[in-house]
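Participant: This is a predicted model, with the sequence first.
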Amino acid sequence: MKSATLPSFWSEYYDLPLEVRQAAKKAYRLWSNNPFHPSLHFKCINRDEDIWSVRITQNYRAIGILQGDTVTWFWIGSHDKYENFFG
């Protein structure tokens, strides 16, 4: 599976605490090797629009759209904000 990002992802990413950014890098490396690794909880959260979620930490998520074999990440943030938008 391939990965791409939108500017909106990076805007959110750079506002995160350093330890969360480091966890995001670690999660990305793991996802790159095995998107369905159990610790990532990579799952479809909206089948109509093919929107997928991946766990960064217990309290942070990243969201992307799956098109073909590429996930385009457009958001990263706290689980609380995730629940407000996608819960």
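Facilitator: Happy to help now that I have it. Numbering: from 1, shown residues only.
Participant: And the lowest mean pLDDT element among the helices and strands of this protein?
Facilitator: Sorting the helices and strands of the chain by mean pLDDT, DSSP states H and E puts helix 79-86 at the bottom, at a mean of 84.
Participant: Just the C-alpha atoms of it, please, in PDB.
Facilitator: Extracted C-alpha coordinates of helix 79-86, given in PDB (Å, rounded to 0.1, in the frame of the first residue of the first chain):
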ATOM      1  CA  HIS A  79      -8.800  11.100  19.700                       C
ATOM      2  CA  ASP A  80     -11.200  13.700  21.200                       C
ATOM      3  CA  LYS A  81     -11.100  15.700  18.000                       C
ATOM      4  CA  TYR A  82     -11.400  12.500  15.900                       C
ATOM      5  CA  GLU A  83     -14.500  11.600  17.800                       C
ATOM      6  CA  ASN A  84     -16.000  15.000  17.200                       C
ATOM      7  CA  PHE A  85     -15.400  14.800  13.500                       C
ATOM      8  CA  PHE A  86     -15.800  11.100  12.800                       C
END
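Participant: Okay, buried residues for it please.
Facilitator: Within helix 79-86, the residues that qualify as buried are 79, 82, counting by 16 or more other Cβ atoms under 10 Å. Bear in mind the C-beta positions are built from the backbone N, C-alpha and C, glycine included.
Participant: Quick one: list the elements packing against that helix.
Facilitator: strand 51-57, strand 60-67 (3 or more Cβ pairs under 8 Å, 6 or more residues apart in numbering; DSSP states H and E).
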